[in-house]
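Q: Sharing a model that was predicted from the sequence below.
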Amino acid sequence: MQKYIKLNLFYIGTSKKHLIFRAKKLNKNLAFNIIHKRVFTEQYEEIGYIKEIFGPVNLPFVSIKLTPNQTFDPNSKIYAKLR
């Protein structure tokens, strides 16, 4: 069984290679489980993967690396695939 979890993220901007988000709420244990996991839209289209989680523990930043030639609306809902 595949498990998807909705990520509560706020879009900040882009770096040279990644999209940067701020987590509105992120469980510390969940943060260790979602790093390097694939990321999907509501329609289960893969958009990339979580490259890194950094910053303060309470409200960390999340860096998402997009797959090549992928377009993405930063206001759409994002899901991570845990398994």
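A: Yep, that arrived. Numbering: from 1, shown residues only.
Q: Let me know the next secondary structure element after the helix or strand of the chain with the lowest mean pLDDT.
A: Ranked by mean pLDDT, DSSP states H and E, the helix or strand of the chain with the weakest confidence is helix 28-34, at a mean of 78. Downstream of helix 28-34, the first helix or strand assigned by DSSP states H and E is strand 38-40.
Q: That following strand pairs with which strands, and in what direction?
A: strand 46-54 (antiparallel), strand 78-81 (antiparallel) (DSSP bridges).
Q: any low-confidence regions in the chain?
A: 1-2 (pLDDT under 70).
Q: one step back: most tightly packed of the strands paired with strand 38-40?
A: strand 78-81 (a mean of 20; mean count of other Cβ atoms under 10 Å). From N, CA and C alone the C-beta is placed, and that goes for glycine too.
Q: Assign a three-state SS to residue 56, would you?
A: Assigned by DSSP: H, G, I helix; E, B strand; the rest coil, the conformation of residue 56 is coil.
Q: Quick one: neighbours of it, just the number.
A: 9 (other Cβ atoms under 10 Å).
Q: Might you report the residue contacts of it?
A: Contact analysis of residue 56 by Cβ atoms under 8 Å, 6 or more residues apart in numbering lists nothing.
Q: The same query, at a cut-off of 10 Å, please.
A: 22-23 (Cβ atoms under 10 Å, 6 or more residues apart in numbering).
Q: what does the least confident helix or strand of the chain contact?
A: Contacts of helix 28-34 (Cβ under 10 Å, 6+ apart): 5, 7, 23, 26-27, 49-50, 53, 57-58, 60, 62, 80-83.
Q: about what we covered before: with distance to residue 38 added, can I get the strands paired with strand 38-40 in JSON lines?
A: Converted to JSON lines, the strands paired with strand 38-40 look like this (distance: least, Cβ to Cβ, whole Å):
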{"stretch": "strand 46-54", "distance to residue 38": "5"}
{"stretch": "strand 78-81", "distance to residue 38": "5"}
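Q: before we move on, the earlier item: can you give the distance from the least confident helix or strand of the chain to the centre of its chain?
A: 12 Å (Cα atoms, centre = their mean, to the nearest Å).
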